[in-house]
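1. give me a model of this one.
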Amino acid sequence: MTDQAPALYAGPERVLSGVQPSGDLHLGNYLGALVKFARVQHEIPTYIFVADLHAITVWQEPSKLKNQVREIAAAYLATGLDPKVATIFAQSAVPEHAELAWVLNCVARLGWLDRMTQFKDKAGKHKERESVGLYTYPVLQAADILAYKATKVPVGDDQRQHLELTRDIAQKFNNDFDAPGFFPLPEPLTQGPGARVMSLRDGTAKMSKSDPSDNSRINLTDDADAIAQKVRKARTDPDPLPETVEGLEGRAEAKNLVAIYAALAGTTEAAVLTEYAGQGFGAFKPKLADLAVSVMGPIGGEMRRLLSDPAEIDRVLADGALRARELAAPTMAEVKKLVGYWAG
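-> Numbers count the residues shown, from 1 in each chain. Below you'll find the predicted structure:
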């Protein structure tokens with residue numbers, strides 16, 4: 001939002017991301033985010049949180065929220081995040097998120113938030129009935145990122161606008177308080193293949209935990225029988241698989257299943273079609289079911305094991321919160337000095 005060329009941030013690279021504890025995680029979350037978290041932790045210092053502050057922008061049952069936080073943490077661990085390598089914590093356990101969000105609320109401009117399309121999509125025609133928190137959610141998201149001076153953020157298409165807002169807020173803060181390069185201007189971390197997994201019941205709709213049909217998704221907690229059954233019931237069309245990726249155009253369900261196979265196998269859609277071209281779904285679905293069970297089945301088993309011992313999950317989250325605060329607290333202390341807060 002400024003014509004001034006931003007000063008370069010000279011600090012270390014860090015990755016930060018989080019998932020809301022607002023329902024069952026599924027295959028789309030795994031391929032679009034969790035598997036990427038597990039890989040990147042070995043490349044760049046990685047901070048992964050459970051976004052329980054964001055979750056309450058819409059009503060959450062208080063008696064269930066703590067267990068939902070544990071379930072997300074269990075998913076992180078079951079899909080390969082190592083708490084000795086990555087910092088795993090609950091957002092609400094680090095008060096600097098909310099404290100920095102207030103400062104950034106006073107930096108961000110109303111017009112910027114008015115342009116956020118996700119709020120418009122969620123609020124619809126009745127935005128006056130929505131919480132203020134839902135409206136200012138992107139500013140809290142900026143605080144999440146900037147509290148750790150994160151330089152890379154894994155984002156899907158629906159969050160790119162929020163990351164651009166974070167960059168605008170960071171640059172305005174740096175300019176307003178004469179602190180060039182204080183906050184980095186974070187860049188998106190490319191998600192790669194499998195980032196957008198579609199519903200097993202409708203290839204034109206994104207796989208979602210809010211879909212009323214459980215058969216539309218493979219949940220991370222599903223056992224082998226449930227996974228195989230859902231793949232067998234997945235919607236398809238009567239035509240055989242084509243020889244080329246271009247041949248999948250206009251065939252949303254076929255394209256989705258081929259994309260899922262490729263992502264689970266760590267290969268390309270073209271390679272999948274080379275192997276299965278000309279075959280119908282009667283032959284392809286059993287192969288996809290076997291693959292999905294081999295990859296996702298152990299994850300569900302490990303999640304169930306972890307959730308049977310909530311004390312261990314709580315220990316991981318508590319340790320992660322301490323480590324997160326070691327980084328966030330000094331950042332917030334610097335912010336207070338720049339803003340001019342009374343320090344006593």
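
2. max-length helix in the chain?
-> In the chain, with assignment by DSSP state H, the single longest helix is helix 310-339.

3. next one: it to chain centre, how far?
-> For helix 310-339, the separation from the chain centroid amounts to 20 Å (computed by CA atoms, centre = their mean, to the nearest Å).

4. buried stuff in it?
-> 312-313, 316-317, 320-321, 323-325, 327-328, 331-332, 335, 338 (16 or more other CB atoms under 10 Å). For the C-beta atoms, the positions are set from N, CA and C on the backbone; glycine is no exception.

5. average pLDDT across stretch 113-121?
-> The pLDDT scores in stretch 113-121 average 78.

6. ok, stretch 33-46 next?
-> 93.

7. show me what counts as buried in it.
-> 33-38, 40-41, 45-46.

8. the helices in the stretch 151-300 of the chain, which residues?
-> Using DSSP state H, counting those that start in this stretch, the helices found in the stretch 151-300 of the chain span residues 160-176, 224-233, 252-265, 269-276, 281-307.

9. and of those helices, who's closest to Asp82?
-> Comparison of the helices of the stretch 151-300 of the chain against Asp82 by CB to CB identifies helix 281-307 as nearest, at 13.1 Å.

10. buried residues, that closest one. List them.
-> Residues of helix 281-307 classed as buried: 281, 284-285, 287-289, 291-293, 295-297, 299-300, 302-303, 306-307 (neighbour count, 16+ other CB under 10 Å).

11. now stretch 258-267, how far from the centre of its chain.
-> In this view, stretch 258-267 has its centroid 20 Å away from the chain centroid, taken as CA atoms, centre = their mean.

12. ok, now which ones touch Gly300?
-> With contact set as CB atoms under 8 Å, 6 or more residues apart in numbering, Gly300 has these partners: 78, 219-223, 227.

13. and the longest helix of the chain, average pLDDT?
-> 98.

14. who's in contact with the residue nearest to Ile56 when sequence neighbours are not counted?
-> Distances taken as CB to CB, 6 or more residues apart in numbering put Gly133 closest to Ile56, at 7.0 Å, once the chain neighbours are dropped. Residues counted as contacts of Gly133 (CB under 8 Å, 6+ apart) are 56-57, 140.
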